[in-house]
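Participant: Below: sequence and its predicted model.
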Amino acid sequence: MGPRRGAGPKPESPRRAASPSERAVEPEDENSRLRETVMNLEEKVSSLESEIAMLSSDLEDCRHVTQELASALGGSGVADMRREMEQMSIQIGLLQRAVSNGPAVAHDAGARLRIPEPKAYNGARDAKEVENFLFDIEQYFLAANVEDEARKVSTATILDR
C-alpha cells in the first residue's frame, strides 16, 4: 500500500487541553453564565407566580358567580327541566310507536255499506203510501249520510219515478 492522499497532520480535536490561566478564567465565565441563567429563571418563576395568582383570582370569581346562579335557581330549575325532559322522552316514545305501527286509516262506513234505495214512488195518492215513501227517503239519507239539501232534492227526484 502506498501513501494515502491528503494524509497530513491530523486536525486538532475539538477539545484541547486548556492552559492553567484559561482554566482560571473559565470558572469565572461559568459562574457569570450560571448567575445569568439563575436570574432568568427567577424572573420566569416570578412571572408564572403572578399569572397563577391572577388565574386563581379569576377562578374564585367564577366559583362565586356559579354559586350565586345556583342559589338563584334554587335547584328547582334543574329539577323542572329534568321532569320536562322525561315527559318529552315519553311523548317521543309514544310518537315513535305510533309511526312504526303504520298509518291509522279512518274507515268510512258509508263507503263499504251498500245502502238499498227506497222503493220508487208510484204516484199513488194514498196518504199512507206518501208517508211511507217520505220515511224511506229520510232513512236512506240518514244511512247514506247525505246532509246537503240540494243533493237530497236531486236524489229524491230521481227516486220519485
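Facilitator: Cool, the structure landed. Note that this is a predicted model, so its numbers are computed, not measured.
Participant: give me the element Glu147 is part of.
Facilitator: Counting by DSSP states H and E, no helix or strand carries Glu147.
Participant: For it, grab the count of nearby residues.
Facilitator: Glu147: 9 surrounding residues under other Cβ atoms under 10 Å. Using the backbone N, CA and C atoms, a C-beta is placed for each residue, glycine as well.
Participant: ok, now how distant is Met54 from Lys44?
Facilitator: Separation of Met54 from Lys44 (Cβ to Cβ, to the nearest Å) stands at 16 Å.
Participant: Check Pro116 too.
Facilitator: Counting by Cβ to Cβ, the gap from Pro116 to Lys44 is 104 Å.
Participant: longest helix anywhere in the protein?
Facilitator: helix 20-73 (DSSP state H).
Participant: how close does Gly77 sit to Arg114?
Facilitator: Gly77 sits 62 Å away from Arg114 when distances are taken as Cβ to Cβ.
Participant: cool, Asn122 as well?
Facilitator: Asn122 is 24 Å from Arg114, where distance means Cβ to Cβ.
Participant: what does Val146 give?
Facilitator: Distance, Val146 to Arg114, by Cβ to Cβ: 15 Å.
Participant: Which of these two has more residues huddled nearby?
Facilitator: More neighbours surround Val146 than the other of Val146 and Arg114, with 16 against 5 (other Cβ under 10 Å).
Participant: what about the residue nearest to that one when sequence neighbours are not counted, how many residues close to it?
Facilitator: Excluding the flanking residues, the one nearest Val146 by Cβ to Cβ, 6 or more residues apart in numbering is Lys152, at 5.7 Å. Under the neighbour criterion other Cβ under 10 Å, Lys152 is assigned a count of 16.
Participant: Okay, and Lys152 sits in which element?
Facilitator: Following DSSP H and E, one finds Lys152 within helix 149-159.
Participant: returning to that earlier point: give me the angle between the helix or strand following the longest helix of the chain and helix 20-73.
Facilitator: Going down the chain from helix 20-73, the next helix or strand is helix 76-100, by DSSP H and E. Calculated by axes from the mean of the first three to the mean of the last three Cα atoms, to 10 degrees, helix 76-100 forms an angle of 80 degrees with helix 20-73.
Participant: Tell me the buried residues in helix 76-100?
Facilitator: Along helix 76-100, not one residue counts as buried under the neighbour rule (16 or more other Cβ atoms under 10 Å).
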